[in-house]
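Student: coordinates for the following, if possible.
(2 chains)
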Amino acid sequence: MTAIPHEAMGRQLVAAARWRPAEWVFWLFAAATVLLFPDRYLILTEVAWLGLFALSLDLILGYAGIVSLGHAAFFGIGAYSAGLLAKHGLINEPVLALVVAGFAAAVVGFLTSFLVMRGSDLTRLMVTLAIALVLRELANRFSDITGGFDGLQGITVAPVLGLFEFDLFGKVGYIYCLSVLFLLFVLARRIVHSPFGLSLRAIRNNPLRAAAIGIPVNRRLIWIYTVAAFYAGVAGALFTQSSAIASLDVFAFDRSADLMLVLVIGGTGYLYGGLIGAAIFKLLQQEVSSLTPQYWQFWIGLVLVVIVLLGRQRIESAVTFVPRRIARLFGKEIAALPGGEAP
Amino acid sequence: MTYALETIDLKKQFGGLAVTRDLSLRIATGARHALIGPNGAGKTTVINLLTGVLRPNGGRILLEGSDITALPVHSRVLRGLSRTFQINQLYADLTPLETIGLAVSERLGHGGDWWRVLGTRADVNGEIAEHLARFHLLDVMGERTATLPYGKQRLLEIAVAIATRPRVLLLDEPAAGVPESERHDILAAVASLPRDVTVLLIEHDMDLVFSFADRISVLVNGAMLTEGAPDEVARDPRVKAVYLGEGADA
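Tutor: Model prediction:
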């Protein structure tokens, strides 16, 4: 027998985590949008925070297999936290406020994770939905704090890091959102290629076996749920900071459902799905609603019906046929070894 | 004497149906112990009780003398009690390399590490290589598990259990469903399991049982019928009666 090629093991495992050319192209293009589309900053900003929000759902859905119809709960916590911090001048610096808002959402995520861990997919859908509804009603009830249906008024956002003031055209806002998205993306990428991230995929694949090789299944799920809540909270905070509003619709069911749609469009389980899905979703929304403003909801409804009729698996193989081809470019599947490395 | 694995008056009921009845099983350290019994004897329930998937209604389970009755599944694994499954329970989307890498990472306490990329620890990589080589999986280590031939999946099923470095291994019908052409690899893998690992084999196939085991327990209707060396058990008229169908629910 030949010598045991343990270095080849390491190389092959690390190769799966290496940055691919398509990824460099993706992010270079993302950076270039700042120069390429100077009159589109507002929609680009929406794509950025929606992409981060979808990335958050992908962490729990695509990697850990936790379905959620109430992810807006954490988006909303982040949005109101950022809004309240800025409005009352508690933390003026946006980046710090962003982090605090993220942690606020993470705390709620951690506490509610114990409810979500119970039961099957259907139970999880109902529990997550219920949590978002409860939070929305709480925000409505305590209108002296949240502004109720009128939303939080008079939010002014201080310059980022005390240096860059938000301008009228939204350029600083966009660069800010894009930078946050990129940093958190890199962190998520690191997480999913770690043993922790791999154990999530193992749990999604086969929870029975996951426990049988010593993986503490519930503990891992609680952690990733908490991390995802942090991400969603930051996305919500970006929303508030870039638009200077926070209203009850941050908790809305539509928002959670749309998010599911974004991931279905982009594909789950390779991190880029949320970002690509967000870009397509926002573009579609803008184009279709400028053609037929009153029918936009109809198309959304139709897509949802199709999803329900066909089910997640078949949607994934049909609707995401093209995205999956793209996903391959980003290394969702294990690429063949470069010549000579195989033992 | 401390046994590798011991149950004391283990009981399990599903509603009014007693499926495990005061089972006291003692498995000596280093033993090759087989648990046999006709269909419906409750063998699978015993495995689920031992591994913690099911909670007993009474009785205790001791692993190397310490009580593990209340421990969850993953804690038992980390204490050295692993199993294989009768029907493969693998990660369809992961490669054998990742599957084994995960098991080794968990055992070495790196499983919760969310920062270092898997594959950057030399100790983990070394162990992965060792297991993949021993179970003839090097040539397919980078392929998705779902695409592997059944025999290779069966080997991976055993390899991933061994990768947790068990001191007691429960083998649940390791050769079940394996085509004749690939059977030899599985039997060789079972026969070459490290001697310091205590093995409890749950098996239907009497050829395998009698070639492998140095001790046999016979389970009937959830209770122990008899226990002894293979030749004693083979001569026992009650065992013959059970396997010929008299009074059994086979």
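Student: how about the helices in the stretch 101-250 of chain A?
Tutor: In the stretch 101-250 of chain A, the segments counted as helices under DSSP state H, counting those that start in this stretch are A:121-141, A:143-146, A:171-192, A:195-205, A:207-212, A:217-243.
Student: next, the contact list for the residue of chain A found nearest chain B, please.
Tutor: Using CB to the nearest CB, the single residue of chain A nearest to chain B is A:Leu13, 2.6 Å away. In this view, the C-beta of every residue, glycine as well, is placed from N, C-alpha and C. Residues near A:Leu13 by CB atoms under 8 Å, 6 or more residues apart in numbering or on different chains: B:97-98, B:101, B:117-119, B:125.
Student: I'd like those as TSV, with secondary structure, neighbour count and pLDDT appended.
Tutor: Below are the contacts of A:Leu13 laid out as TSV (DSSP: H, G, I helix; E, B strand; the rest coil; neighbours: other CB atoms under 10 Å in any protein chain shown; pLDDT from 0 to 100):
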residue	secondary structure	neighbour count	pLDDT
B:Leu97	helix	26	94
B:Glu98	helix	27	94
B:Gly101	helix	30	94
B:Val117	coil	21	88
B:Leu118	coil	29	88
B:Gly119	coil	23	86
B:Asn125	helix	26	91
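Student: what ranges of the chain fall below the confidence cut-off?
Tutor: Using chain A here. A:1-4, A:297, A:300-301, A:303-304, A:307-324, A:331-343 (pLDDT under 70).
Student: please refer instead to chain B.
Tutor: B:244-250.
Student: what about the longest strand in it?
Tutor: strand B:5-14 (DSSP state E).
Student: centre of the chain to that one, how far?
Tutor: Taking CA atoms, centre = their mean, to the nearest Å, the mean C-alpha location of strand B:5-14 is offset from the chain mean by 17 Å.
Student: packing partners of it?
Tutor: strand B:17-23, strand B:26-27, helix B:43-51, strand B:58-63 (3 or more CB pairs under 8 Å, 6 or more residues apart in numbering or on different chains; DSSP states H and E).
Student: would you mark the buried spots in it?
Tutor: Residues of strand B:5-14 classed as buried: B:5-8, B:10-12 (neighbour count, 16 or more other CB atoms under 10 Å in any protein chain shown).
Student: what angle sits between it and helix B:43-51?
Tutor: Relative orientation of strand B:5-14 versus helix B:43-51 (axes from the mean of the first three to the mean of the last three CA atoms, to 10 degrees): 120 degrees.
Student: quick one, strand B:5-14 and strand B:58-63 angle?
Tutor: Going by the same axes, to 10 degrees, strand B:5-14 makes 150 degrees with strand B:58-63.
Student: and the residue of chain B that's closest to chain A?
Tutor: Of all residues in chain B, the one sitting closest to chain A is B:Gly119 (2.6 Å; CB to the nearest CB).
Student: please name the residues that touch that residue.
Tutor: A:9-14, A:16-17, B:101, B:125.
Student: re earlier: which one among the contacts of A:Leu13 gets closest to A:Leu161?
Tutor: Proximity of the contacts of A:Leu13 to A:Leu161 was ranked by CB to CB; the top entry is B:Val117 with 30.3 Å.
Student: so what's the residue nearest to the spatial centre of chain B bridging to?
Tutor: Nearest to the mean C-alpha position of chain B, by CA atoms, centre = their mean, lies B:Leu170 at 2.0 Å. B:Leu170 has the following beta-bridge partners by DSSP bridges: B:Arg83, B:Leu200.
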